[in-house]
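# Predicted structure and sequence below. I'll ask about it afterward.
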Amino acid sequence: MESARLTLTIDDVATTPSGPAPVVEVRVDDVQQAVDAVRAAGGRVLVEPVLTDWGTISAFVEGPDGLVVEYYRDRGR
């Protein structure tokens, strides 16, 4: 199993209904599985998994304290 990598980038900001929010990026092996786990735990999914123009599969969920969490993986993996 591949280890997850956590990247906190202060330049990444998502626009949410309550205003701008910092984004925490988490690389995972299976984006859908990560989203399903958030949903099963009662979390809020902001953007379902999508294929981005830059070649990743990416999804966004509501994180703690106003953060937005992006789960992503490279398309070819």
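Perfect, thanks for sending it.
# Residue 55 contacts residue 73, doesn't it?
No. Using CB atoms under 8 Å as the test, residue 55 is too far from residue 73 to be in contact (10.2 Å). All C-beta spots, glycine's among them, are computed from the backbone N, C-alpha and C.
# quick one, which of the two is more surrounded?
residue 73 (19 against 9; other CB atoms under 10 Å).
# Residue 32: neighbouring residues, count only.
13.
# did I read that right, it in a helix?
Yes. With DSSP: H, G, I helix; E, B strand; the rest coil as the criterion, residue 32 is assigned to a helix.
# Now do the same contact list for it.
Residue 32 makes contact with 49, 59, according to CB atoms under 8 Å, 6 or more residues apart in numbering.
# if you set the cut-off to 7 Å instead, what comes out?
residue 49 (CB atoms under 7 Å, 6 or more residues apart in numbering).
# Check it and give its pLDDT.
You'll see residue 32 listed with a pLDDT of 97.
# what's the distance between it and residue 65?
Distance, residue 32 to residue 65, using CB to CB, to the nearest Å: 25 Å.
# For the residue nearest to the spatial centre of the chain, list each beta-bridge partner.
Centroid check for the chain by CA atoms, centre = their mean gives residue 70 as the closest residue, at 1.5 Å. Note on residue 70: beta-bridge partners by DSSP bridges are residue 25, residue 60.
# Right, I'll leave it there.
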